[in-house]
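Novice: dropping the sequence and predicted coords here.
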Amino acid sequence: MTEINRQQRDDNSREPKISLSDCQLAAGHVVYDVIVLAVGAVALRARVSEATIEAVTTSAVPVLTELESTIAMIAASGSTTLQRAQGVFQILRTISDGGLLPAVFDAFANSLSWWDAVLYGVGGIATILAALATDGIAFAAEIAALLATFGLLVSDSVDAVTACGFTPPALAVGEKQEQEQAVSLAAGSNPFPFEPQFAICTYGGYLLTAVNGGNINTPGAAIVTNATVFGHNEKFTIVPIDQTKKTFALQTFNGNYVTAVNGGGQSCSTCPINTNLKVIGQTEVFVLEQRMDGTFGLLTTSGYLLTAVKGGGVGGVPVIRTDSTTIGNFETFTLVGGQAGTLNVS
């Protein structure tokens with residue numbers, strides 16, 4: 001086969017690329033804005049590529065016409081902050097009701113760097129789904145707070161109105177004060193904070209549990225690995241420390257940090273891990289080492305790996321060891337996004 005024929009064969013085997021209009025791409029920018037607002041990743045908007053916008057737009061094409069009135073409302077000069085925030089919720093609802101949320105979110109997540117994927121990609125869609133399961137009031141209040149410093153949603157919506165000729169809706173006179181008061185009353189009540197919160201799943205399919213939500217200074221009793229249901233004690237927040245070194249701290253539900261006693265290297269049943277500190281020091285710093293299959297190794301800064309004894313499923317001691325320097329099955333973990341009570345791995 002000649003090189004030309006091989007190239008022709010490869011070209012013919014590819015999926016045909018959808019031709020996107022200027023109107024669709026303008027609306028796609030709004031959809032991207034909505035996603036980054038929903039996961040608290042507004043900093044990503046400044047460096048988004050056109051290829052990512054095209055991918056997000058292509059995934060959302062079937063519902064773009066349904067978004068016209070909402071985008072026009074967001075663009076309208078008389079719209080309040082809360083109305084625009086409610087528009088964000090409505091756009092997410094429309095995308096989800098159309099069965100397109102996984103595809104749209106994948107188009108967003110596939111563009112992320114390793115660091116950003118950990119922060120926003122793993123738990124992002126779970127955060128959105130959890131918000132969509134509510135009436136959206138608390139969610140909209142949090143979005144309204146973000147909109148105070150994120151003006152691109154409005155400007156991109158204005159561009160979409162210009163490109164597409166959407167008609168802005170008529171707004172009720174005197175509505176602004178009432179809506180803005182609602183923002184101040186509801187702000188801060190969002191039960192789904194914009195933080196990278198995960199369950200940490202062992203190789204055997206069990207979840208790490210911070211006993212009593214943390215604050216345990218008896219290391220052998222601080223972490224167990226026999227849970228299969230995601231509750232508050234199975235929720236860990238990844239606190240980023242250094243992007244270059246890929247270092248994080250692991251915060252338990254009650255605000256304490258996971259400590260590798262002596263920086264790791266511990267194999268005894270009573271000394272590897274505790275959760276009684278509220279300040280990040282060197283022994284509270286971990287490196288997330290991603291593997292090709294999407295799992296992670298959790299390394300201490302001394303270079304030791306956390307081991308889930310027997311791959312998890314252990315309620316007594318020893319549960320966690322920190323003396324391994326080579327990664328095997330029992331040293332691999334999966335970050336699972338979700339809200340407490342929504343995940344069952346049994």
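Specialist: In hand now; what should we look at?
Novice: buried stuff in stretch 132-139?
Specialist: For stretch 132-139, burial by neighbour count (16 or more other CB atoms under 10 Å) applies to 132, 136-139. (C-beta placed from N, C-alpha, C; glycine too.)
Novice: got it, and stretch 224-243?
Specialist: Buried positions in stretch 224-243, judged by neighbour count with 16+ other CB under 10 Å: 224-227, 230, 233-239.
Novice: how far does that stretch sit from its chain's centre?
Specialist: Centroid separation for stretch 224-243 versus its chain: 14 Å, with CA atoms, centre = their mean, to the nearest Å.
Novice: and if you look at stretch 90-106?
Specialist: Centroid separation for stretch 90-106 versus its chain: 15 Å, with CA atoms, centre = their mean.
Novice: redo the buried residues of stretch 224-243 as TSV? Include distance to Phe108, secondary structure and pLDDT.
Specialist: Output for the buried residues of stretch 224-243, formatted as TSV (distance: CB to CB, whole Å; DSSP: H, G, I helix; E, B strand; the rest coil; pLDDT from 0 to 100):
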residue	distance to Phe108	secondary structure	pLDDT
Val224	35	strand	91
Thr225	32	strand	92
Asn226	35	strand	91
Ala227	30	strand	92
Phe230	24	coil	86
Asn233	30	helix	93
Glu234	26	helix	93
Lys235	23	coil	90
Phe236	23	strand	91
Thr237	22	strand	88
Ile238	19	strand	85
Val239	23	strand	86
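Novice: which of these lies closest to Lys310?
Specialist: Here the nearest of those to Lys310, counting by CB to CB, is Thr225; it sits at 8.4 Å.
Novice: ok, now which ones touch that closest one?
Specialist: 202, 206-209, 308-309, 312-315, 319-320 (CB atoms under 8 Å, 6 or more residues apart in numbering).
Novice: for it, which non-adjacent residue is spatially closest?
Specialist: Gly312 (4.1 Å; CB to CB, 6 or more residues apart in numbering).
Novice: just the helices from this structure, written as ranges.
Specialist: Using DSSP state H, the helices of the chain run over residues 3-13, 22-38, 50-60, 68-75, 81-97, 101-109, 114-116, 122-132, 137-147, 152-164, 175-186.
Novice: quick one, the fifth one and helix 122-132 angle?
Specialist: Interaxial angle of helix 81-97 relative to helix 122-132 (axes from the mean of the first three to the mean of the last three CA atoms, to 10 degrees): 110 degrees.
Novice: now the angle from helix 81-97 to helix 68-75?
Specialist: 150 degrees.
Novice: below-threshold pLDDT in the stretch 101-250 of the chain: ranges please.
Specialist: The stretch 101-250 of the chain contains residues with pLDDT under 70 at 169-196, 219.
Novice: 80 instead?
Specialist: Across the stretch 101-250 of the chain, the ranges flagged by pLDDT under 80 are 114, 118-119, 121-123, 126, 130, 167-197, 218-220.
Novice: just give me the neighbour total for Arg45.
Specialist: Counted by other CB atoms under 10 Å, the residues lying close to Arg45 total 17.
Novice: and the gap between the nearest residue to Gly204 once chain neighbours are set aside and Asn254?
Specialist: Excluding the flanking residues, the one nearest Gly204 by CB to CB, 6+ apart is Gly311, at 3.3 Å. Distance, Gly311 to Asn254, by CB to CB, to the nearest Å: 27 Å.
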